[in-house]
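Student: no sequence for this one, just the structure:
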Ligand code: PLP
């Protein structure tokens with residue numbers, strides 16, 4: 001299919017909304033959460049109007065329809081990431097919960113005091129704090145692959161750290177601040193030859209370029225629906241079936257059991273073993289639709305569109321005096337431009353852009369240690385997705401030039 005950004009934009013009702021005294025919204029905050037196409041909104045609406053029921057145990061028509069819709073969504077997601085089987089796809093609340101699941105279920109039962117977990121300096125708090133919590137509980141060691149001044153992982157240092165035989169290497173596929181796309185396949189192969197398992201934080205990769213678990217050969221992959229055109233409240237932990245099958249459950253309750261006695265229980269089979277309680281059924285339906293939408297666009301087209309926008313944005317940003325963009329060159333970067341303007345606080349930048357209807361984010365973007373690494377308290381961040389255009393980038397640059405004028 002040929003990719004037409006005009007056609008894509010027409011699918012997103014929110015993009016025709018005016019904000020800031022009549023200005024059309026320019027949404028440059030998809031790294032935080034993406035907007036939703038009408039097909040996703042309608043699928044969830046349809047589900048609640050016609051099929052809503054609790055899943056798995058019911059025999060009535062609605063329960064069967066709801067179960068089929070939920071399990072159908074799981075299959076769509078499994079096929080989207082090239083899973084071997086939908087049993088490997090665990091629905092969680094989000095990337096954060098998926099990583100906590102691995103830390104608690106795998107980490108607690110497999111790690112011993114003194115064991116090493118290798119992370120990177122560019123991690124989102126979601127892939128730091130769960131390991132810090134586990135390290136404190138089990139007396140584990142944490143080490144970090146350093147980030148260079150231009151936002152790339154120091155792979156020579158990675159090699160040296162692997163000599164310490166980590167049990168797990170957990171790293172982000174794409175940084176939500178620098179935009180750096182890490183060489184995940186190569187890093188996973190190196191980790192495996194050092195005897196470590198791998199967890200890839202795919203929160204920013206799965207939405208933006210083709211990610212296939214067979215090709216990556218990782219052991220775990222975590223991502224969130226809301227960053228890939230789907231609803232909030234649902235995410236995925238993909239894991240190798242053998243690993244998942246050997247892990248104890250994470251949360252206890254309904255649905256994750258086969259049998260319960262007063263003093264004991266037998267866990268359910270995969271994937272239900274890790275899905276305690278009533279899941280986010282309507283959200284799964286919306287998620288399945290989001291995946292279908294992305295598949296119709298074609299993930300190669302999605303990636304090519306964002307590469308074009310990123311290259312263009314970097315060129316245009318270079319024209320602005322006194323602006324520093326973090327992260328590597330366009331070839332190694334996804335559609336995330338975090339920047340600082342000399343003498344202007346990132347929050348002021350974001351607030352002034354909002355007056356022009358431009359939505360960017362300011363702060364530490366849940367990556368405080370990375371900001372400490374660059375000795376920056378905060379950055380402003382513009383990020384792109386399928387519905388953004390070069391014209392929007394031009395308007396951003398124009399608005400940033402006005403911000404500079406105001407402060408000079
Ligand atoms: N990891 C990365 C790289 C992210 O960008 C984010 C969200 O911004 C997360 C993890 C956490 O995602 P969620 O809040 O959906 O759990």
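Tutor: Done, it's in. Here the structure is a predicted model, which means the values were calculated and not measured.
Student: for residue 104, which non-adjacent residue is spatially closest?
Tutor: Sequence neighbours aside, residue 250 is the residue nearest to residue 104 in space, at 5.5 Å (criterion: CB to CB, 6 or more residues apart in numbering). Just so you know, the C-beta spots here come from the backbone N, C-alpha and C atoms, and that holds for glycine as well.
Student: what's the distance between that neighbour and the ligand?
Tutor: Here residue 250 is placed at a distance of 15 Å from the ligand (CB to the nearest ligand atom, to the nearest Å).
Student: tell me the pLDDT of residue 1.
Tutor: If you check residue 1, the pLDDT there is 66.
Student: right, I mislabeled it, should have said residue 58
Tutor: Model confidence at residue 58, given as pLDDT, is 80.
Student: list the contacts of it.
Tutor: 64, 66, 67 (CB atoms under 8 Å, 6 or more residues apart in numbering).
Student: ok, it to the ligand distance?
Tutor: 30 Å.
Student: that residue and residue 159: what is the separation?
Tutor: In this view, residue 58 and residue 159 are 54 Å apart by CB to CB, to the nearest Å.
Student: spatially nearest residue to residue 399 (excluding sequence neighbours)?
Tutor: Using CB to CB, 6+ apart and skipping residues adjacent in sequence, the residue nearest residue 399 is residue 356, 4.4 Å away.
Student: what residues does the one you found make contact with?
Tutor: Taking CB under 8 Å, 6+ apart, we find residue 356 in contact with 20, 23, 26, 395, 399, 402.
Student: how close does it sit to the ligand?
Tutor: Computed as CB to the nearest ligand atom, the residue 356 to the ligand distance reads 24 Å.
Student: pLDDT at that residue, what is it?
Tutor: 95.
Student: tell me the phi and psi of it?
Tutor: The phi/psi pair for residue 356 (degrees, to the nearest 10) reads phi -90, psi 10.
Student: these two touch, right, residue 54 and residue 65?
Tutor: No: checked against CB atoms under 8 Å, the pair residue 54 and residue 65 is beyond contact range at 11.7 Å.
Student: between the contacts of residue 58, which is nearest the ligand?
Tutor: Nearest to the ligand out of the contacts of residue 58 is residue 66 (CB to the nearest ligand atom; 24.2 Å).
Student: residue numbers of the stretch 1-150 of the chain in contact with the ligand?
Tutor: Within the stretch 1-150 of the chain, the residues that sit near the ligand (CB under 6 Å from any ligand atom) are 94, 95, 96, 124, 126.
Student: in the stretch 301-408 of the chain, what residue lies closest to the ligand?
Tutor: Closest contact between the stretch 301-408 of the chain and the ligand, by CB to the nearest ligand atom, is at residue 366 (5.9 Å).
Student: on that earlier part again, what about the residue nearest to residue 104, which SS state?
Tutor: Here residue 250 is coil, with the state taken from DSSP: H, G, I helix; E, B strand; the rest coil.
Student: got the phi and psi for residue 200?
Tutor: phi -100, psi 130.
Student: to clarify, my last question referred to residue 198.
Tutor: When read as degrees, to the nearest 10, the backbone of residue 198 gives phi -130, psi 140.
Student: do the same with residue 26
Tutor: Dihedral angles (degrees, to the nearest 10) for residue 26: phi -120, psi 100.
Student: can you list contacts of stretch 5-19?
Tutor: With contact meaning CB under 8 Å, 6+ apart, stretch 5-19 is reached by 24-25, 27, 35-39, 41, 293, 297, 305, 354, 357, 359, 386-389.
Student: so residue 209 sits right up against residue 335, yeah?
Tutor: No: the criterion here is CB under 8 Å, and residue 209 misses it with residue 335 at 10.0 Å.
Student: who has more neighbours, the two?
Tutor: residue 335 (28 against 18; other CB atoms under 10 Å).
Student: grab the nearest non-local neighbour of the more buried one.
Tutor: Closest to residue 335 by CB to CB, 6+ apart is residue 384, at 3.5 Å.
Student: look up how far the ligand lies from residue 208.
Tutor: Look at residue 208 and the ligand: by CB to the nearest ligand atom, they are 11 Å apart.
Student: ok so, going back, could you pick out the buried ones from the contacts of residue 356?
Tutor: Neighbour-count burial (16 or more other CB atoms under 10 Å) applied to these gives 26, 395, 399.
Student: just the element for the second one, please.
Tutor: Assignment of secondary structure by DSSP states H and E places residue 395 within helix 390-407.
Student: against which helices or strands is that helix packed?
Tutor: Packing contacts for helix 390-407, counted by 3 or more CB pairs under 8 Å, 6 or more residues apart in numbering; DSSP states H and E, involve strand 26-27, helix 299-318, strand 336-341, helix 346-355, strand 358-359.
Student: quick one: strands adjacent to the last one?
Tutor: It stands for strand 358-359. Sheet pairing of strand 358-359 (DSSP bridges) gives strand 26-27 (parallel).
Student: is residue 66 in contact with residue 55, as I believe?
Tutor: Yes: if you go by CB under 8 Å, residue 66 and residue 55 touch, sitting 5.0 Å apart.
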